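>>> Just to be clear, the model below is a prediction. Sequence and coordinates:
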Amino acid sequence: KPYECSECGRVFKHKTDHLRHQRVHTGEKPFKCDRCGKPFRHSSDVTKHQRIHTGEKPFKCGECGKAFNCGSNLLKHRKTHTGEKPYECKECGKAFAYSSSSGPRGDPARPGKPHRCEACGKSFQYKSLLLKHQRIHTGEKPYACHECGKRFRGWSGFIQHHRLHTGEKPYECGQCGRAFSHSSHFTQHLRIHNGEKPYKCGECGQAFSQSSNLVRHQRLHTGEKPYACSQCGKAFVWSSVLIEHQRIHTGEKPYECPDCGKAFRGRSHFFRHLRTHTGEKPFACGACGKAFGQSSQLIQHQRVH
């Protein structure tokens, strides 16, 4: 006999499929990753997740050789080669490669997202995701850290925070052995080895390995300088440059030379000074091989050639 879900009316042939589906509504996640403790609804999801830890990418694109840790990401990627755009917006007729782009966010009629937040209109595929989202509006934070008392809306945020206390770093790079406490930091690190730069500037085409670097780069085109000095009003593109600038006003010089005791406001001047002691000359001329301690000296020399 068919098994019907009392929550959404979906019908299943087998009792096992019906029971597995109910976890979508109950939020139950009985399968845990033995590396980081993250829970999942299905054992197959644990298998896919564990590839984040191992770095395994068994799904390879036949066109360009790019590899992925799950089959669905490979299928999405293939559309970049075929140009296929099967998802059409009902409002304007525009076609998209991915279903996530084909409808307005929060549209209650959006297919596959039947659970709508009454507070802001955003829609979700699963009831458990809606419940988690609603905590943004209610302010509820049910997960409390027993070490410091800090509270969290979601389980994943709680687990990541807990690693600050335990020092656990479950994401280890297979290339160099470096370990990370967060999967996002691990993913960013892997791009150092594979050279992947997925974030591309629409203005000049320059690509970046991190979205934050793209955002900072785009300010060069827009002229935006969001970091202003409270003392003199001078504005900067990057917060790190503002911090260094503020030391002009405070007189702070946190970088002290261990050899002679001379102190500096910024790291770049500090490292440049260190070379006067070590004799290091990292800037070499491509034409004649002559090396210099400062990039400005190399530029001046290259005018000879």
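Yep, it's here.
>>> For residue 303, give me phi and psi.
Main-chain torsions, residue 303, degrees, to the nearest 10: phi -70, psi -20.
>>> where are the low-confidence patches of the stretch 151-300 of the chain?
Along the stretch 151-300 of the chain, the model assigns pLDDT under 70 to no residue.
>>> residue boundaries of the helices in it?
155-166, 183-194, 211-222, 239-250, 267-278, 295-302 (DSSP state H, counting those that start in this stretch).
>>> which stretch among those comes nearest residue 229?
Nearest to residue 229 among the helices of the stretch 151-300 of the chain is helix 239-250 (5.9 Å), distances taken as CB to CB. To be clear about C-beta, it is placed using only N, CA and C from the backbone, and glycine gets the same treatment.
>>> Specify the angle between that closest one and helix 267-278 in degrees.
Helix 239-250 and helix 267-278 are oriented at 80 degrees to each other (axes from the mean of the first three to the mean of the last three CA atoms, to 10 degrees).
>>> model confidence over the helix or strand harbouring residue 74, on average?
Element membership of residue 74, judged by DSSP states H and E, is helix 71-82. Averaging pLDDT along helix 71-82 gives 81.
>>> I'd like to know which elements that helix is packed against.
Applying 3 or more CB pairs under 8 Å, 6 or more residues apart in numbering; DSSP states H and E, we find helix 71-82 packed against strand 59-60.
>>> On the C-terminal side of the strand it packs on, identify the next helix or strand.
Counting by DSSP H and E, what follows strand 59-60 is strand 67-68.
>>> Name the surrounding residues that touch that following strand.
By CB atoms under 8 Å, 6 or more residues apart in numbering, the residues outside strand 67-68 that reach it are 57, 58, 59, 60, 61, 74, 77.
>>> how deep is residue 28 tucked in, by neighbour count?
Neighbours of residue 28 under the rule other CB atoms under 10 Å: 12.
>>> What about the nearest residue in space to it that is not next to it in sequence, how many residues nearby?
Nearest residue to residue 28, sequence neighbours excluded (CB to CB, 6 or more residues apart in numbering): residue 41, at 7.1 Å. Residue 41: 20 surrounding residues under other CB under 10 Å.
>>> Please read off the pLDDT at residue 41 from the model.
86.
>>> And it, how close does it get to residue 140?
Residue 41 is 22 Å from residue 140, where distance means CB to CB, to the nearest Å.
>>> Same check on residue 3?
Using CB to CB, residue 3 is found at 33 Å from residue 140.
>>> between the two, who's got more neighbours?
Counted by other CB under 10 Å, residue 3 and residue 140 do not tie: residue 3 has more neighbours, with 16 against 12.
>>> Not counting its neighbours along the chain, what's nearest the more buried one?
Distance criterion CB to CB, 6+ apart; nearest residue to residue 3, sequence neighbours excluded, is residue 18 at 3.7 Å.
>>> Check residue 128 too.
Leaving aside its chain neighbours, residue 128 sits nearest to residue 27 (3.9 Å; criterion: CB to CB, 6+ apart).
>>> mind listing what the one you found touches?
With CB under 8 Å, 6+ apart, residue 27 has these contacts: 127, 128, 131.
>>> List the ones among these that fall in strands.
Counting by DSSP state E, none of the members of the contacts of residue 27 fall within strands.
>>> Out of the residues you listed, who's the most crowded?
residue 128 (18 neighbours).
>>> ok, that residue to residue 134 distance?
For residue 128, the distance to residue 134 - CB to CB - is 11 Å.
>>> just residue 8 next, same as before
For residue 8, the distance to residue 134 - CB to CB - is 18 Å.
>>> how far does the helix holding residue 74 sit from the chain's center?
20 Å (CA atoms, centre = their mean, to the nearest Å).
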